[in-house]
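[1] Predicted model and sequence follow; I will ask about them next.
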Amino acid sequence: MAFFPHIRLSSLPRPDGLDFDGSQKQNIVLSKLALLTVAVTSIHLIDEAFSPQSTDPNYKYLILVESLIICSSLITYIINEFRYHGAAKHTFLLSINILLFFLNSLTPIESGTYFFFFPLLAGTFIFYGYSETNMRYFYLALTSTIFIVLTLFNYNILGVRVNMDVEHDFQTNLFSSLVLMVLTIRFLVQLNKVTETNLLNYQHEIKKLLNEVSEKNVNLEKVNKELDRFAYCVSHELRAPLVSVMGLINLSMLDPSPKSHKLHLEKMKEMLKKLDAFIHDIGDHSRNAKSEVVREEMDLEKTISEIIDKYQYNGYKNIDFQVNVNLEKPFVSDSTRVKLILNNLISNAVKYHNNSIEHPFVKVQASIEGPRRAIEVIDNGMGIESEYQTRVFDMFYRASESSKGSGLGLYIVKETVDKLGGDIKLESIPGVGSKFKVTF
């Protein structure tokens, strides 16, 4: 009687999330208990076949009842696996109660056959949850009533008793019923652990999703604010140059002199260039927001020199441009975005250089700072007042009415740096100069 099947929890289906609910646990335990009943009863049949008392003519009744227990347990398992769970519970509890009643009627009370009512009571508690308390109480009452009738009144419905080795059978039945009880509880405990693990995973997923939703809400709020401001400012920025051009056309029609025409055309050109620059900034912002980051090896020093050359040959020869790139390893990043960042920062340094000093300069330097790389654009230009420094990266923000740009430049720089996973910092003193430091 020492052989019992070892059924591992790894053979059970592993559900996702909280789909592994109480009813599923009950159904799994029912299938396992049915198989255990088959195994234990089969071992009893084998043990009894080699018993000296097997010659007793009443043994055929014992074998018949135990065979019926095996059959009803197999039928229960099959019905349960076909997902007729309610029918499987009724089949098992009704048939086993009735068959245990006949089994105890056939055997002496001293053999301890009544021990098998205890795992049956435990199973009844497990099979029916709080939503099925009526069925739970019904089967508990049925099993308890049969147990009391058999043990207290020693009831014998068949009128025959099987001659048995009482001491041996008492030990065997006690051990078998304890095994059934322990394994049934063990299945439930293991299933509860699986449920707890799935619950923790589910809570982790919920927390992760809530964080994602929170982050998306923050981003959505930011986008909504930017969209409102964008719609207002774009309409203004697009309309203002067009209104100016229309005004200049009207002036040209009123004053047909060549000198006035030339002056008006120059001003129109300036307005249209401003409009073109604004549209170009909007394009840069859109491309940065939508396109994926493509990292590649690039010649940073060459990129900086190409941007500086554009200004040196366009009326800014008085500015001393200095480049110092000190990188031990090849510079790898998104070349399009790095060019965009450098072009905007150098453009700002050039636009707001100080004409009143003797040696205006713009320094661009790159270096290694621990695991990160730093690019600095330094100038001795007009500088930015401290109260404006926290807002210069806002969309369409201009620190003063004399600002020449669209108010998108530094906003695009900040968004681009964020896209590359970097940081940007500003240090500025009015009348002394500014330093923009970008780290990747």
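    Sure, I can see it.

[2] what about A366, is that helix, strand or coil?
    Reducing the assignment at A366 to three states with DSSP: H, G, I helix; E, B strand; the rest coil gives strand.

[3] need the contact list for it.
    300-301, 304, 324-327, 331, 373-376 (Cβ atoms under 8 Å, 6 or more residues apart in numbering). To be clear about C-beta, it is placed using only N, CA and C from the backbone, and glycine gets the same treatment.

[4] give me that answer again for 10 Å
    If you count contacts by Cβ atoms under 10 Å, 6 or more residues apart in numbering, A366 has them with 300-301, 304, 323-327, 331, 342, 373-376, 438.

[5] Just among those, which is most surrounded?
    Neighbour counts for the contacts of A366 (other Cβ atoms under 10 Å) peak at I375, which has 26 neighbours.

[6] need the contact list for it.
    The neighbourhood of I375, defined by Cβ under 10 Å, 6+ apart, consists of 300, 304, 325, 327, 331, 333, 338, 341-342, 345, 364-367, 417, 422, 424, 436-440.

[7] so which one among the contacts of A366 has the lowest pLDDT?
    Scanning the contacts of A366 for pLDDT, the smallest score is found at L327, 83.

[8] thought A349 was touching N380?
    Yes: at 9.4 Å, A349 counts as touching N380 under the criterion of Cβ atoms under 10 Å.

[9] Common neighbours of the two, please.
    Both A349 and N380 are contacted by 319, 360-363, 433-434, under the criterion Cβ under 10 Å, 6+ apart.

[10] are any of the residues you listed buried, and which?
    If you count burial by 16 or more other Cβ atoms under 10 Å, the buried members of the shared contacts of A349 and N380 come out as 319, 360-363, 433-434.

[11] So which of the contacts of I375 sit within strands?
    Residues from those lying in strands, with DSSP state E as the criterion: 325, 331, 333, 364-367, 424, 436-439.

[12] Adding distance to D169, write those out as CSV.
    CSV is the format used below for these (distance: Cβ to Cβ, whole Å):
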residue, distance to D169
V325, 93
F331, 86
S333, 82
V364, 96
Q365, 94
A366, 90
S367, 89
I424, 85
F436, 92
K437, 88
V438, 86
T439, 82
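
[13] Residue ranges in this structure under the pLDDT threshold?
    Screening the chain residue by residue with the criterion pLDDT under 70, one finds the ranges 1-22, 226, 228-240, 277-278, 281-282, 284-286, 288-289, 313, 315, 396-406.

[14] ok, so of the buried ones among the shared contacts of A349 and N380, who is nearest L45?
    Of all the buried ones among the shared contacts of A349 and N380, the one with the least separation from L45 (Cβ to Cβ) is S434, at 94.0 Å.

[15] The closest one touches Y388, doesn't it?
    No: using Cβ under 10 Å, S434 makes no contact with Y388, being 11.3 Å away.

[16] residues shared between the contacts of those two?
    Residues touching both S434 and Y388 by Cβ under 10 Å, 6+ apart: S428.

[17] Just to be sure, F147 is in a helix?
    Yes: the assignment for F147, made by three-state DSSP, places it in a helix.

[18] start at 38 instead
    Right, with 38 as the first residue, what we last looked at is F184.

[19] Excluding chain neighbours, what is closest to it?
    F154 (4.6 Å; Cβ to Cβ, 6 or more residues apart in numbering).

[20] secondary structure element for the one you found?
    In this structure, F154 is located in helix 154-164 according to DSSP states H and E.

[21] Give me the buried positions along that helix.
    Buried residues in helix 154-164, counted by 16+ other Cβ under 10 Å: 154, 156-157, 159-161, 163-164.

[22] just curious, which of the residues you listed is nearest to N248?
    For N248, the nearest member of the buried residues of helix 154-164 is I163. The distance, counting by Cβ to Cβ, is 37.6 Å.

[23] In this model R223 seems to touch the closest one, though I could be wrong.
    No: the pair I163 and R223 fails to qualify as a contact (Cβ under 10 Å) at a distance of 11.8 Å.

[24] any residues in contact with both of these two?
    When Cβ under 10 Å, 6+ apart defines a contact, the residues bordering I163 and R223 alike are V66.

[25] The helix or strand hosting M218 - contacts with which helices or strands?
    In the assignment (DSSP H and E), M218 maps to helix 203-291. Helices and strands touching helix 203-291, as assessed by 3 or more Cβ pairs under 10 Å, 6 or more residues apart in numbering; DSSP states H and E, comprise helix 59-86, helix 154-164, helix 295-327.
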